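Colleague: below is the sequence, then the predicted model.
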Amino acid sequence: MIIFGWGHTTTKNFGPTFEQMCPNCNNSKYWILTRIRVWFTLFFIPIFPYENKYFLSCPICQQGLTLNSQQIDEIKPLAEVNQLLVDGHITKEEYQRRVLALNGDTNQEQVRVHDVEPEPTTNIKSSDLRFCSECGKEVATNAKFCGGCGTSTSK
């Protein structure tokens, strides 16, 4: 007897990207880049992912939008550098250097830290999507619980 399945999900938070005003809750916060992978399983062990979804979401209300591959390639390095700074793995000076390198600035002059703010690397239009903070599935804007995992969507 072979037991197989699909639908097991893993979530990876790449970190904050850039500050944006949320059209849903009207808060200006750094939106979070998240990847959700859906896996094929064999004997309850994830074998290989068959679906990857990337999305940006407001950290307050989880309102968000899905990204295409070009947007992912542009935003992911920024999120990773921001997360390194937040976690304390790099200094503010190293953060400045990396942000300038991401922006393509070869003349890396000394810049004060508060002058360096992550800028959006692509224009992203807002949408009416909302995602579960636990499993990443889309939920209706008026839903009280996620249909995928049952987590409460109200904060």
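Modeller: Now that the structure is in, tell me what you want to look at.

Colleague: ok, the residue nearest the centre of the chain - contacts?
Modeller: Centroid check for the chain by Cα atoms, centre = their mean gives residue 33 as the closest residue, at 1.1 Å. Neighbouring residues of residue 33 by Cβ atoms under 8 Å, 6 or more residues apart in numbering: 13-17, 54-56, 75-76, 79. (C-beta placed from N, C-alpha, C; glycine too.)

Colleague: among those, which are located in strands?
Modeller: Of the positions in the contacts of residue 33, 13-17, 54-56 sit in strands, assigned by DSSP state E.

Colleague: about what we covered before: the residue nearest to the centre of the chain: which element?
Modeller: Applying DSSP states H and E as the criterion places residue 33 in strand 28-42.

Colleague: quick one on the thing from earlier: per-residue pLDDT, the residue nearest to the centre of the chain?
Modeller: At residue 33, the model reports a pLDDT of 93.

Colleague: cool, and the one 10 residues further on?
Modeller: At residue 43, the model reports a pLDDT of 85.

Colleague: quick one: the helices in this structure?
Modeller: 69-87, 92-102 (DSSP state H).

Colleague: pull out the buried members of the ones in strands among the contacts of residue 33.
Modeller: Buried members of the ones in strands among the contacts of residue 33, counted by 16 or more other Cβ atoms under 10 Å: 14-17, 54-56.

Colleague: and these as a markdown table, adding distance to residue 29 and pLDDT?
Modeller: Below are these laid out as a markdown table (distance: Cβ to Cβ, whole Å; pLDDT from 0 to 100):
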| residue | distance to residue 29 | pLDDT |
| --- | --- | --- |
| 14 | 16 | 92 |
| 15 | 13 | 90 |
| 16 | 8 | 92 |
| 17 | 11 | 90 |
| 54 | 19 | 93 |
| 55 | 15 | 90 |
| 56 | 11 | 90 |
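
Colleague: show me which of the residues you listed is closest to residue 94.
Modeller: Distances from residue 94 to those, taken as Cβ to Cβ, are shortest for residue 15 (15.5 Å).
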